[in-house]
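Novice: curious how this folds, go ahead:
(one chain, ligands or ions: 2)
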Amino acid sequence: MSAVLSTHGLIARYGDFQALHGVDLELHAGESVALIGANGAGKSTVLRSVMGLLPVAPEMVRLAGRPVGGIAPHRMVSEGVAIVPEGRRLFRGMSVVDNLRVAIDQAARAGARGDWTLERLYQLFPVLKQKARAPVQSLSGGQQQMVAIGRALLCQPRLLLCDEISLGLAPKVIREIYAVLPEIRAAGTALIVVEQDVGLAQSASDRLYCMLEGRITLTGRSTDIARAAIDEAYFGVRHAVA
Ligand SMILES: Nc1ncnc2c1ncn2[C@@H]1O[C@H](COP(=O)(O)OP(=O)(O)O)[C@@H](O)[C@H]1O
Ligand SMILES: [Mg+2]
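Specialist: Ligands and ions are numbered 1, 2, ... in the order given. Modelled structure (predicted):
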C-alpha cells in the first residue's frame, strides 16, 4: 500500500535562504511520526511545505502516491490534510464556537467529509463546550491549544500536522492534550507531531525523524532509538555518554 504522505527530496526556500535540503519522509495510515530537532532545524518548514503554505515542486510532496506539492492550502484541506500551526493562530475576538465553525465551513466548502462534529469534539475536550461562547483569547493556553486542535479536526483530516502543541504549556495540560492523540489515530488519521521534548515525541509516535539544518539526520522506530544517537543527530556533534 502506498504511503498516505511521502516527501521526495523536499526543498524549500525563504527568498534566497534554503531552509530544506532534500527531505525524504513517509507516513502510513493511522501512523504517528514525530519530527524533532533544535530550533531552526526546519520542522515547521516541512509542515508548511506539505500544507501548501510554501511553494514547492509538485513531485516533492505526494499523497497516496499522487504529486500535490505546491497546491493551495484549501485544496490540501480537500485532500484531507489539516494543520495545527505553530502559535495556534486562532481568530482573536471570536468565540470558541465561532473559531470552530470557521473550520466546519472550510471543510464544507472543500468537500472534506468525515466523522468529526462539534459534539464529538466536545466529548474529546469537554471544557470547550463549557467555554463555547467565551472569547477565545480569554481561555488558558492549554484550552486555546484544544481549540486549535479542534479546528484542525473539524477539517476532517486523514493526515494531521501538529506543530509544537506542547509549547509553553504546563506538564499536566500537555499530558491532557497528548492523551487525545490515540483517539484521533484510532479513526485512521495519520499524525506528524513536531515536538521539542524528545521523550514526549518518542512516547507519542511509532517512528521518529530527527532534523538538523534542513536535513534528516536520523530515523527509526521511536522505542528503538538510543538517546545518545538522538543527541548526536539533534546537535550534530558527538556527546560523551557517561
Ligand atoms: N518566514 C521566514 N523567513 C525567512 N527565514 C525563515 C522563515 N521561517 C523560517 N525561516 C528559517 O528557516 C529555518 C527553518 O525554520 P523552521 O522551519 O521554522 O525551524 P523549526 O520549526 O525547526 O524551528 C531557520 O533557519 C529559520 O530561521
Ligand atoms: Mg517550528
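Novice: so which residues on this structure come close to ligand 1?
Specialist: For the chain, the contact set with ligand 1 under CB under 6 Å from any ligand atom comprises Tyr14, Phe17, Ala19, Gly37, Asn39, Gly40, Ala41, Gly42, Lys43, Ser44, Thr45. The way it works is simple: take the backbone N, C-alpha and C, and place the C-beta from them, glycine included.
Novice: mind listing the residues bridging to the first one?
Specialist: Using DSSP bridges, the bridge partners assigned to Tyr14 are Phe17.
Novice: give the burial count for it, as a bare number.
Specialist: Other residues within reach of Tyr14, judged by other CB atoms under 10 Å, total 9.
Novice: one more: the last one?
Specialist: As a burial measure, Thr45 scores 22 neighbours (other CB under 10 Å).
Novice: looks to me like it is in a strand.
Specialist: No. Under the criterion used here (DSSP: H, G, I helix; E, B strand; the rest coil), Thr45 is helix, not part of a strand.
Novice: so who does it touch?
Specialist: Ala12, Ala19, Leu20, Leu54, Gly214 (CB atoms under 8 Å, 6 or more residues apart in numbering).
Novice: what's the first helix or strand after the longest helix anywhere in the chain?
Specialist: Identified as the longest helix of the chain according to DSSP state H is helix 96-110. Per DSSP states H and E, helix 96-110 leads on to helix 118-124 as the next helix or strand towards the C-terminus.
Novice: ok so, going back, inside strands: which ones of the contacts of Thr45?
Specialist: Judged by DSSP state E, the contacts of Thr45 include Ala12, Ala19, Leu20 as members of strands.
Novice: noted, bye for now.
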